[in-house]
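> Any chance you could fold what I've pasted below:
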Amino acid sequence: MELSDLKAFSNPYRDDKVYNSCAIFGVMDVSRRCFSGDRVFAAMENMFERGNGLGAGFAVYGLYPEMPDHYALHVMFTSPQGRPATEEFLTSHFRVDRSEPIPTRKTPGISGEPQVWRYFLKPLFDAETVLEEEDFVVDKVLQLNTSIADSFAFSCGKNMGVFKGVGYPEQIAHFYRLEEYQGYIWTAHSRFPTNSQAWWGGAHPFCLINWSVVHNGEISSYGANRAFLETLGYRCTLFTDTEVMAYAADLLMRRQGFSPDAFAKVVAPPFWDEIDSMDAEQRALHAALRIAYGGLLMNGPFAVVIANQDQMIALTDRIRLRPLTVATRDNMFYVSSEEASIRLVVPEADAIWTPRGGVPVVSRIGLLPKPNPDTDNVGAGAVPARGGNTDEA
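Residues are numbered from 1 along each chain as shown. Next up, the predicted model:
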């Protein structure tokens, strides 16, 4: 499918060129206890004005406990011809143990929707390591998205899934019947696109091999970032800047083993005058990262929530040109574009704070983050915990 064909999948309001801010939200139970998406839906409804119906979506981790070792592949077909070609491709590279349409229902305001299916797969490839197997899956997903017409794989991972489309969050949640699912990590997005046309594949979250990204902002360095990633085998096919953030997360944190802190040093590095004032060891580290990964420096305002099965990461650009607030309560970690949405669903947070620009806040299985009172803006009405993130580059 070509970009010129996307009008059939655009929002009926036809207001494709508008400027404002998207809404992002995430919640994680670090004990892996699964819960419904009720509080996520409520938080997104509270931020209704941040979107305009041109895209929304959710990522859920822990929703397929009956098949935890299979890769769950979600695919949208924009014509009847897409599905047979896709299934022929999949069966030549994977053992397909289950395939079915993703349950949906008619929803007011949703029109022109593609056909959506899910496949539970195991590679027909005797990999020696997990990394080698994952690289095989990534290669085939990217190949599917570039070689088969009218077919887009928009979610791929174990015991996780992305559900997205053109509409408001409450419409997308209703369309995909998300009240029927439970997960221990939920992320959500409401879109207000600026420089790309609205279509189902371009909604957030973006996903590749367990990693998902929701993003508010505009990555003005998209062209340079895309060129860098394409030299390493990634192929950008979804017509929006956020795709490069998802692929950068896959490259740096999955393939090359970077910590979230080191990842942030690449995509949201300090300014050179800050680097010059660091001690010799840190100065050398930052200089080396800028030399090796300069093509992944993400210019422009952004706030992102990045997740996989084991962690959820909140990060803004280095001067915080997009809002982001985080909070904890018991075993739960919350991230939101607006503090009001957090206080709606968790009125008595143990801690609530605004992270420093360019510094990731990371929750992991078994470990909640804590605010650093020396650098983070700790909100009123919550008890600030001492400490902070301790990731090492």
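> Next, report how far stretch 151-171 is displaced from the centre of its chain.
In terms of C-alpha atoms, centre = their mean, to the nearest Å, the centre of stretch 151-171 is set 10 Å apart from its chain centre.
> Correction: the previous question concerned stretch 90-102.
24 Å.
> Need the CA coordinates for the strand or helix carrying Arg98. PDB is fine.
Arg98 belongs to strand 94-101 when elements are defined using DSSP states H and E. Only the C-alpha atoms of strand 94-101 are listed here, as PDB (Å, rounded to 0.1, in the frame of the first residue of the first chain):
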ATOM      1  CA  PHE A  94       7.000 -20.300  11.300                       C
ATOM      2  CA  ARG A  95       5.000 -23.000  12.800                       C
ATOM      3  CA  VAL A  96       1.500 -21.400  13.100                       C
ATOM      4  CA  ASP A  97      -0.100 -23.100  16.100                       C
ATOM      5  CA  ARG A  98      -3.100 -20.800  16.200                       C
ATOM      6  CA  SER A  99      -4.700 -18.200  14.000                       C
ATOM      7  CA  GLU A 100      -7.900 -16.300  14.400                       C
ATOM      8  CA  PRO A 101      -9.500 -12.900  13.800                       C
END
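> who does the following helix or strand past that strand pair up with?
Proceeding N to C from strand 94-101, the next assigned helix or strand is strand 115-123, under DSSP H and E. Using DSSP bridges, the strands paired with strand 115-123 are strand 71-77 (antiparallel), strand 94-101 (antiparallel).
> So which residues make contact with the first one?
Contact with strand 71-77 is made by 64, 83, 86, 90, 94, 102, 114-123, 137, 141, 144, 150-163, 200-201, as judged by C-beta atoms under 8 Å, 6 or more residues apart in numbering. The way it works is simple: take the backbone N, C-alpha and C, and place the C-beta from them, glycine included.
> Give me the buried subset of the residues you listed.
Neighbour-count burial (16 or more other C-beta atoms under 10 Å) applied to these gives 64, 83, 86, 90, 94, 102, 114-121, 123, 137, 141, 144, 150-163, 200-201.
> where does the stretch 1-150 of the chain have low pLDDT?
1-20, 53 (pLDDT under 70).
> any idea which element Asn145 lies in?
Asn145 belongs to helix 130-147, assigned by DSSP H and E.
> quick one: buried residues of that helix?
Glu133, Glu134, Asp135, Phe136, Val137, Val138, Lys140, Val141, Leu142, Leu144, Asn145.
> what residues does that helix touch?
71, 73, 75, 86, 89-90, 93-94, 123, 125, 127, 151-153, 156, 208-210, 233-235, 237-238, 250, 254-255.
> Which ones among those map onto helices?
Thr86, Phe89, Leu90, His93 (DSSP state H).
> quick one, phi/psi of the residue in the chain sticking out farthest from the centre?
No residue in the chain sits farther from the centre than Ala280, which is 34.8 Å out by C-alpha atoms, centre = their mean. Backbone torsions of Ala280, given as degrees, to the nearest 10, read phi -60, psi -40.
> my read: Ser336 touches Met44, true?
No: in this structure, Ser336 is not within contact of Met44 by C-beta atoms under 8 Å, at 9.4 Å.
> any shared contact partners between these two?
With C-beta under 8 Å, 6+ apart as the test, Ser336 and Met44 both reach Phe25.
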